[in-house]
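> Sharing a model prediction with you, sequence too.
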Amino acid sequence: MAKNDRSSSLGGVPIENQEAAGIPDSPIFTNPRIEMENPLLDLHVAGMLVRDMPLEQQHRLVYQQTDEGIAEMNAGKSPHRIETIRDEFTGQCQQRRDEIVERGMEPWEATNPMAELAKRHVAPGFKGKFLSPARIDKYGGETGGYEIVKDGRGDPVKLRNMPLGQMSIERVNKRNKRYADLAADAASEIKRQYLQDGGRTALSDS
């Protein structure tokens, strides 16, 4: 059979037979993700227009992280609580970003919102730690020995959804020493077993 445009087949069906049967041509598929504009471009994060942010950050954002998304989530909640989250935590995060990106500070030198919040609420002689809510739920409220810190109204102090816990420095040191001793014992046992299995020739590798 001669090869031409009219006699070419699609899936074994000649095009002329396909047209006679009323079968339409296959549409040209495109990737909608390539053609669709990011719907968050005209929204804001910490007052900055999303379209003015680096492309890498634009693609990682979700609606709930934008100013508009946060405002929608906080609708109906106490204005004081919204103001506290915006002014303290979000402001400090923006300050930390500016210090690292704009001023070239090292991460350990820049403002640390978590450390600042813990410093304001953890009692003297105690060490603070933000706890995983998923882990607390998994182990039936177990906080790993940390006491949940409460604010002046009796509510747990939280960073987002992570409650702040505190433990006496003395107890923390004892716990850390216990774990360090266990790790040292495990390392000693591994070395002992290695020397035993390797004989005297293993001494040169120890």
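Right, received. Where do you want to start? Numbering: from 1, shown residues only.
> what's the longest strand in this structure?
strand 162-168 (DSSP state E).
> what's in contact with that strand?
117-118, 121-123, 125-133, 136, 143-149, 156-158, 175 (CB atoms under 8 Å, 6 or more residues apart in numbering). C-beta: built from backbone N, CA, C; applies to glycine.
> which one is Leu40 nearest to, not counting chain neighbours?
Nearest non-adjacent residue to Leu40, counting by CB to CB, 6 or more residues apart in numbering: Val50, 5.0 Å away.
> and the one you found, how many neighbours?
Residues near Val50, counting by other CB atoms under 10 Å, number 20.
> Would you agree it is in contact with Leu41?
Yes - in this structure, Val50 is within contact of Leu41 by CB atoms under 8 Å, at 5.2 Å.
> quick one: common contacting residues for the two?
Gln58.
> Quick check, central residue of the chain?
Arg60 (11.0 Å; CA atoms, centre = their mean).
> which stretches of this protein form helices?
Ranges of helices in the chain, per DSSP state H, are 15-20, 32-35, 55-60, 67-73, 79-84, 91-101, 113-121, 133-138, 169-198.
> Just want the angle from the last one to strand 162-168.
Note on geometry: by axes from the mean of the first three to the mean of the last three CA atoms, to 10 degrees, helix 169-198 and strand 162-168 are set 90 degrees apart in direction.
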